[in-house]
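# I'll drop the sequence and a predicted model, then ask my questions.
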Amino acid sequence: MLTRKSSHLSGTRLTKAFAGVTGGAVDRRTFLRRSGLAAGGLAAASTLSLGTVKKADAQARPATGEVKLVKNTCTHCSVGCTVTAEVVNGVWVGQEPTFESPINLGAHCAKGAALREVTHGDRRLKYPMKLQGGRWVRLSWDQAINEVGDKMLQIRQSSGQDSVYWLGSAKFTNEGAYWFRKFAAFWGTNNVDHQARICHSTTVAGVAQTWGYGAMTNSYNDIQNSRSLFLIGGNPAEAHPVSLIHMLRGKENNNAPFIVCDPRFTRTAAHSTEHVRMRPGTDIALIWGILWHTLENGWEDKQFIAQRVYGFDDVRKEVAKYTPAEVERITGVPGAQLRRVAQTLANNRPFTIIWCMGGTQHTVGSANVRAYCILGLAHGTIGTSGGGANIYRGHCNVQGATDMGLEPITLPAYYGLVEAAWRHWSRVWDVPYDYMQARFKSKALMEAPGIPESRWHDAVLEKKENVEQSDNLKAMVFWGHGANTQTRGPDAMKAMDKIDMLVVIDPHPIQVAAMSNRQDGIYLLPACSALEQDGSRTASNRSLQWGYKIVEPIFESKTDLDIMYMFAKKFGFADEMFKNVKVDNGKVLAEDVLRELNKGSLTIGYSGQSPERLKLHMANQKDFDPKSLKATSGPCAGDTYGMPWPCWGKAEHKHPGTHVLYDTSKPVKEGGLNFRALMGAEYQGANLLAEGSYPVGAEIKDGHVQFSYGLLKKLGWDKDLTDEERATIERIGGANADGVIWSYDLSAGIIRVAIAHGCAPFGNGKARANVWNFPDPVPTHREPLYAPNRELVAKYPTYPDRKGGRLPIKFKSIQDIDFSKDYPIVLTSGRLVEYEGGGDETRSNKWLAELQQEMFIEVNPADAAAKGIKNWDFVWVYSPNSKDAVYGQDPAKPVRLRVRAMLTERVGKGVAWMPFHFAGHWLGEDRRHRYPAGADPIVLGEAANTALTYGYDPVTQMQETKTSLCRIEKV
Amino acid sequence: MARMKFLLDAERCIECNACVTACKNEHEVPWGINRRRVVTLNDGKPGERSISMACMHCTDAPCMAVCPVDCFYKTADGVVLHSKDLCIGCGYCFYACPFGAPQYPQAGNFGSRGKMDKCTFCNGGPEADNTPAEYAKYGRNRIAEGKLPLCAEMCATKALLGGDGDVIAGIYRERTATRGYGSGAWGWSTAYGQPPRS
């Protein structure tokens, strides 16, 4: 009976029995819904049984055969939980806890514990397909590559390279991400991106501009050392559940206050000691409101600020405007509470600052994150164990994919797009710079940032003269990226209908297959998951972990590297592109790709983590301490787990990795560091270099600029270079060898020598509280584009309309429209623990799908009562997109979502919340029939982003998903 | 002999449902049957707490007392198991159970429910250990493999502990001592605020 699928059970009895326990009908996970009796659940359950019985039989635990244990990393969030798979005869038959992993200590969340279903279930793309006359037709791989490739080459001829968009993935391994960026370069475009754009791009930009690197400064584990926890715009209990093991240990063992700032009373807030309920989109006012009390009472760390922070006086001036009364007017949080928070933080240092999408996905995202950084800088908690900015990345390898430059604005490892960067990577790739330049339409386009993925639909629909490249987009490739995770659904659908070709390369058909009205011109190519391939991935704390292929790619799916090889062959650059890596019968060796990226990724120290060292760490996980991440014994003794970058120099230099960034209490060679001297020595006469602060053991006992061959010579340290290193530097520099800086020196000799003298290769600068090259040098509150309060708009207006990413960006012209009368409820969005991202994979997983069977909106009971809405009623969520879809919306067809209403005080009055993982329904219509048979996710629902509206950060074009407006009506 | 028990630390449980899917994964439990589930009290309100629930393997198990065909038995470790060959699906055990643990695969006419299914503490059933017959009826027998229940082993925050009752009680005791009275005693942090740092 255990293998029988049942769509009936005695649900009524269960529900009755638990009615008392659950406290009524208002929780979102009542047993009725779980039991599969609800209408959607029944449908889901009955469709489920068609597909899974056969597979369950096929995958039944074999009675005999040797059990092989294979380790990989969970493919969901960025915590980096090790998964131990039991494999028998090539079939993944069981999962065991990995107690020896210092990151997850055996633990998983619902998604990690259900991971086996990724290769066990059969709701995957099984073979290449195309849409022909409205029907899905099976293709061979060769046919698919030929047809897609021919069309792309034709577009390349008629419209130029930039008319093909390569949207990559945070689910790629580091090797896949790096190779994909290189692939786009060989194709000849910077129109390449991945989920970081709509996840933490504002963090990466804002934080890197503040102190050097755009990444989590400490680690999940290090939160065990925190004396208090300050969390804003994050719900890790659902989005990063296993991180809570470290957070709760910190809270419990240190008796640490745990402050959660969020418009919702989240499941994380349920474990906090203080919940600060703020209006969505008012983070800067809130932080300045806290800092107002700090500065008023002199609780800041004055020595730290004097030595290591530039521009703090400008912050003082700005913060002075945010009096408790004004902050309460903007955020809704009483001054007395913020004073208590300010005092708690001041009394319980070091505190860790944690943030996530609630802070980043705003039109002011890159300013929000800088305000958070400044809160830490003011208290001197950055660069200390237990302190830092612990930025929780979203996907399993979104940190690595960002580091590998899977972005329109840079080459791998943040080298940028300038000529020197292209020359550097051409040297690494062993191709002439002129060859690379010839791949592009022009040198100008080669060095011009591409189109951010958040705007791909605009690049299709905008007037041609407004798109700053030869033509609009003509082909869109979704390679491991959902479509329902991007805002402005109605505009995206128009773009899908208009574009010449859509290509989905993914384990699942994603929303693209179901939502477009096309009859032709969609290709679906099955990629395998990261569990079915070898490669490294980078957890949020910058640790790299090597994952071993658990089973061969199932059905006809292929690894990302192998698919890239097929396309490269089709396009005729495979020999040049793959010259440094072994390709055996079409299979690309991931280790060789890692060796090549090690060679070139010097800026951020992705150079010391060789495949051999990474594998050694995986094999000896038990030797690493779960608090310090340091190995105390065994072959990795002295190393930090996964060698968090920067792991300076070459693997043979044996740098242990950097657990805590900018920590001056350790020598650089043991993982110490200081803030990066990103902008040189001075700005407008002010000193940008650190004053009297330096890492332990540094021979330069003050701030200094970054190292170059010339600087080494001045210091007389160039004599420490080996002949080989010197020869490499002189070969790279040619006539201007003195100008070769540390990050372009492929011998890593400059890095090695600087560190031998105790100095950070990237210089020793101050963190910048004033980032003069951003639209707001000091963060200042600006109302969201879809603003609920017109008075506040008048005082705190948004930016003027501007341009960026080859496209116009609207700000003021939208904010000027008053939507608040027709759409009175503030709409925000977020994650559920059972699902991840666009949810195509997790909604196809029967163990997870059973737990969340329907899309819903959280509504405050008071707002619901005003509209006569009862719990779990169907409601229409009307979106301002009805009026405002940029390219027009049929007035007869308002943009409205049909979803369940969950009445809960989790959201405040006037605020509603939706999870964003659902797709497959469109304005009330179930489009299950449009998916290829057998590859439709078990659970479908309206996509929250169909209702979410225009709004982009001016620096990174992050989309606004957290502050919009809506109107809710009973169906 | 160890006395096997479950213990749920509500201060730690975050309702992530890892215990639920770990159980499904380990035993191939079908859609609609939940040997373990997470219940949330005061959902969305201050004081919200979640509790992971399954068969608690009671000392004086009511299910055993009421079963008309006497299909239950208790192992030397204190684990309450049953025989699906004997079970007639009458549902008495469901009425008797204080935790709502028994599950039934069908809801047919005339009250037919099919053979009862419930948490086995990852300890299988009366068939020989780790045979295909045992696996098909009860799922995997981890205890026989020298392992503990997977739900507890995979718990995200170590809120759910499963194993020798004395050992897990010791872990919990140490935890509450570390937390201090403030978070160890229900309602104290709300009523009396944060305790002073020692």
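It's in.

# in the stretch 301-450 of chain A, which spans are helices?
A:302-308, A:312-319, A:324-331, A:335-347, A:357-360, A:365-378, A:398-403, A:419-429, A:433-439, A:443-447 (DSSP state H, counting those that start in this stretch).

# with distance to chain B and mean pLDDT as added columns, please give those in a markdown table.
In this view, the C-beta of every residue, glycine as well, is placed from N, C-alpha and C. Formatted as a markdown table, these follow (distance: least, C-beta to the nearest C-beta, whole Å; pLDDT from 0 to 100):
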| stretch | distance to chain B | mean pLDDT |
| --- | --- | --- |
| helix A:302-308 | 23 | 98 |
| helix A:312-319 | 27 | 98 |
| helix A:324-331 | 19 | 98 |
| helix A:335-347 | 9 | 97 |
| helix A:357-360 | 17 | 96 |
| helix A:365-378 | 21 | 98 |
| helix A:398-403 | 20 | 97 |
| helix A:419-429 | 40 | 98 |
| helix A:433-439 | 46 | 98 |
| helix A:443-447 | 46 | 97 |
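
# distance to A:W136 added to the ones you listed, as JSON lines?
Formatted as JSON lines, the helices of the stretch 301-450 of chain A follow (distance: least, C-beta to C-beta, whole Å):
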{"stretch": "helix A:302-308", "distance to A:W136": "59"}
{"stretch": "helix A:312-319", "distance to A:W136": "56"}
{"stretch": "helix A:324-331", "distance to A:W136": "50"}
{"stretch": "helix A:335-347", "distance to A:W136": "55"}
{"stretch": "helix A:357-360", "distance to A:W136": "34"}
{"stretch": "helix A:365-378", "distance to A:W136": "38"}
{"stretch": "helix A:398-403", "distance to A:W136": "30"}
{"stretch": "helix A:419-429", "distance to A:W136": "38"}
{"stretch": "helix A:433-439", "distance to A:W136": "34"}
{"stretch": "helix A:443-447", "distance to A:W136": "36"}
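
# redo those helices as a markdown table? Include distance to A:A865 and mean neighbour count.
A markdown table is the format used below for those (distance: least, C-beta to C-beta, whole Å; neighbours: other C-beta atoms under 10 Å in any protein chain shown):
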| stretch | distance to A:A865 | mean neighbour count |
| --- | --- | --- |
| helix A:302-308 | 50 | 17 |
| helix A:312-319 | 40 | 18 |
| helix A:324-331 | 25 | 19 |
| helix A:335-347 | 27 | 19 |
| helix A:357-360 | 27 | 28 |
| helix A:365-378 | 33 | 28 |
| helix A:398-403 | 40 | 30 |
| helix A:419-429 | 59 | 18 |
| helix A:433-439 | 62 | 14 |
| helix A:443-447 | 57 | 16 |
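
# biggest helix in chain B by residues?
For chain B, the helix reaching the highest residue count under DSSP state H is reported as helix B:165-179.

# can I get that one in CSV, CA atoms only?
This file holds the C-alpha atoms of helix B:165-179, laid out as CSV (Å, rounded to 0.1, in the frame of the first residue of the first chain):
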residue,chain,number,x,y,z
GLY,B,165,14.7,9.0,26.0
ASP,B,166,17.4,9.6,28.6
VAL,B,167,19.9,10.9,26.0
ILE,B,168,17.5,13.3,24.4
ALA,B,169,16.1,14.5,27.7
GLY,B,170,19.7,15.3,28.6
ILE,B,171,20.2,17.3,25.5
TYR,B,172,17.0,19.3,26.1
ARG,B,173,17.9,19.9,29.8
GLU,B,174,21.2,21.3,28.8
ARG,B,175,19.6,23.5,26.2
THR,B,176,17.1,25.0,28.6
ALA,B,177,19.8,25.6,31.1
THR,B,178,21.8,27.5,28.5
ARG,B,179,18.8,29.6,27.4
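
# give me the contacts around that helix.
For helix B:165-179, the surrounding residues in contact (C-beta atoms under 8 Å, 6 or more residues apart in numbering or on different chains) are A:252-253, A:255, B:2-5, B:7, B:9, B:11, B:78, B:161-162, B:184.

# between the helices of the stretch 301-450 of chain A, which one is closest to A:L524.
Nearest to A:L524 among those is helix A:398-403 (22.2 Å), distances taken as C-beta to C-beta.

# what packs against the closest one?
Applying 3 or more C-beta pairs under 8 Å, 6 or more residues apart in numbering or on different chains; DSSP states H and E, one finds that helix A:398-403 contacts helix A:174-187, strand A:535-538.

# the most centrally placed residue in chain B and chain A, how far apart?
The centroid of chain B falls nearest to B:A54 when counting by C-alpha atoms, centre = their mean (2.9 Å). Distance, B:A54 to chain A, by C-beta to the nearest C-beta, to the nearest Å: 13 Å.
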